[in-house]
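# What follows is a predicted protein model with its sequence.
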2 protein chains.
Amino acid sequence: MNRHTRFALAFAALAAATAGTAIAQVKPEAEIRYRQSVMNVIGRAMGPMGAMAQGKAPFNAAVVQKNSALVDTLIQLPFGSFGPGTDKGAPTKASEKIWKEEAKFKAAAEASQKAVAKLAAEAKSGDEAKFKAAFGEVGKTCKACHDDYQLKEARN
Amino acid sequence: MNRHTRFALAFAALAAATAGTAIAQVKPEAEIRYRQSVMNVIGRAMGPMGAMAQGKAPFNAAVVQKNSALVDTLIQLPFGSFGPGTDKGAPTKASEKIWKEEAKFKAAAEASQKAVAKLAAEAKSGDEAKFKAAFGEVGKTCKACHDDYQLKEARN
C-alpha cells in the first residue's frame, strides 16, 4: 500500500465518519455522481428562494423554512466526496484546482455551510428582510466556490 | 391549451406546493435528473444501515438516527417529479407502468414514506432490534416499488 493509497483510505474513513456512511473503498464515478446528485437537489431547493430574494416570487416564510432546512442538511454531504482519486472517472465540472488547493477549497465549502446554517436559523423568524440578507450571503458563498472550482463545461 | 397541458400544469403546481418549489413548467429531463439525484442520495444513506441490518457492520445508533432522518426528509422529494410528460426525455429506469397505474404507484410511494417515517421514529430509541424490524419494513417497500416500477436497464 503506497502513501497515496493510505491517504485515500484515511480520507475515506474520515468522510465515512463525517457523513455517517461506510465506504469500503473510494469509487471515483460513484463519488462524482453522489456529489452531483446532492448539488442537484440543493439547486432545486434554492430555486424558489432565489426567486423570492430577487422579488420574482412573493415571500413565503413556510417555503423558506422548509427549503433552507433541507439545504442546511444537504450542504453537509457533498464535500466528503471530493477525496483523493475522485478528480476524474466520470464527466465532472469539478476543477482540478480542488485537489491542488485543498485547504482553500475546504475553507470555501465551510463558508457555504456556515452561511446556509445562518439562513436556516434566520428563516425561523419568518422575517423577509432577514431572509433576503442571509440568502444574499449564501449566494455569495455559492458563487465564490463555483467561480473558483466549477468549470463551465464538464470534463472527463 | 389542451387538456393534457392543463393537467400537466395543474400537476406541476401541486408538485410545487408539495415540494415547496416553484416550477414554471415541467422539463422532463430536469425532473428525471432530479428524481434520480434524490434516489442516489437516499441510496448512499441507506447503505450503512443495510450493512448493519444484515450484520455486516456493527450497530451504530448515531449513524442510524442521522441517516434515517435524512432518508425521511429525502423520501418526500422524488415522487412529485413523476408527473405527466416526465416518462421520457432522458435515460431513465422508470417503467412506463408508473404513468399507467398512477394510483398504485402513489400507494407504493406512500407505503415507503410511511415505513421510513417509522424507521426514523424508531431510530430515536437507539434499540437495535427495533431498528432491524423497522429497516426490514423499509426494505420491503423499496423492493416492492422497484420490482414493479424500476426497469433493470435505463431506457430513453
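That came through, no problem. In this text, all values refer to a predicted model and were calculated from it rather than measured experimentally.
# Backbone dihedrals for the spatially most central residue of chain A, please?
The C-alpha lying nearest the average C-alpha coordinate of chain A belongs to residue A:75 (Cα atoms, centre = their mean; 4.5 Å). Dihedral pair for residue A:75: phi -70, psi -10, per degrees, to the nearest 10.
# Same question for residue A:55.
The phi/psi pair for residue A:55 (degrees, to the nearest 10) is phi 70, psi 10.
# And the pLDDT at it?
On pLDDT, residue A:55 comes in at 97.
# before we move on, what SS does the nearest residue to residue A:27 once chain neighbours are set aside have?
Of all residues not flanking residue A:27 in the chain, residue A:89 sits nearest, at 7.8 Å (Cβ to Cβ, 6 or more residues apart in numbering or on different chains). (C-beta placed from N, C-alpha, C; glycine too.) Following DSSP: H, G, I helix; E, B strand; the rest coil, we place residue A:89 in the coil state.
# Give me the neighbour count for residue A:63.
Applying other Cβ atoms under 10 Å in any protein chain shown, we find 23 residues neighbouring residue A:63.
# Name all residues that make contact with the closest residue to residue A:151 other than its chain neighbours.
Once flanking residues are discounted, residue A:151 sits nearest to residue A:93: 4.5 Å by Cβ to Cβ, 6+ apart. Neighbouring residues of residue A:93 by Cβ atoms under 8 Å, 6 or more residues apart in numbering or on different chains: A:150, A:151, A:152, A:153, A:154, A:155.
# Repeat the analysis, applying 7 Å as the threshold.
A:150, A:151, A:154 (Cβ atoms under 7 Å, 6 or more residues apart in numbering or on different chains).
# Could you check how far it is from residue A:146?
Distance, residue A:93 to residue A:146, by Cβ to Cβ, to the nearest Å: 9 Å.
# How about residue A:56?
Computed as Cβ to Cβ, the residue A:56 to residue A:146 distance reads 21 Å.
# These two: who's more crowded?
Comparing residue A:56 with residue A:146 by neighbour count (other Cβ under 10 Å), the higher total belongs to residue A:146, at 15 against 10.
# Around chain B, pick out the residues from chain A.
A:20-22, A:33-34, A:37-38, A:40-41, A:44, A:47-48, A:51, A:57, A:63, A:66-67, A:70, A:73, A:77 (Cβ under 7 Å from any Cβ of the partner chain).
# Filter the residues you listed down to the buried ones.
A:20-22, A:33-34, A:37-38, A:40-41, A:44, A:47-48, A:51, A:63, A:66-67, A:70, A:73, A:77 (16 or more other Cβ atoms under 10 Å in any protein chain shown).
# Paired strands for the lengthiest strand in chain A, with orientation please.
The single longest strand within chain A, with elements called by DSSP state E, is strand A:150-155. Counting by DSSP bridges, the strands paired with strand A:150-155 are strand A:92-94 (antiparallel).
# C-terminal to the strand it pairs with, what's the next element?
Next helix or strand after strand A:92-94 toward the C-terminus (DSSP states H and E): helix A:102-123.
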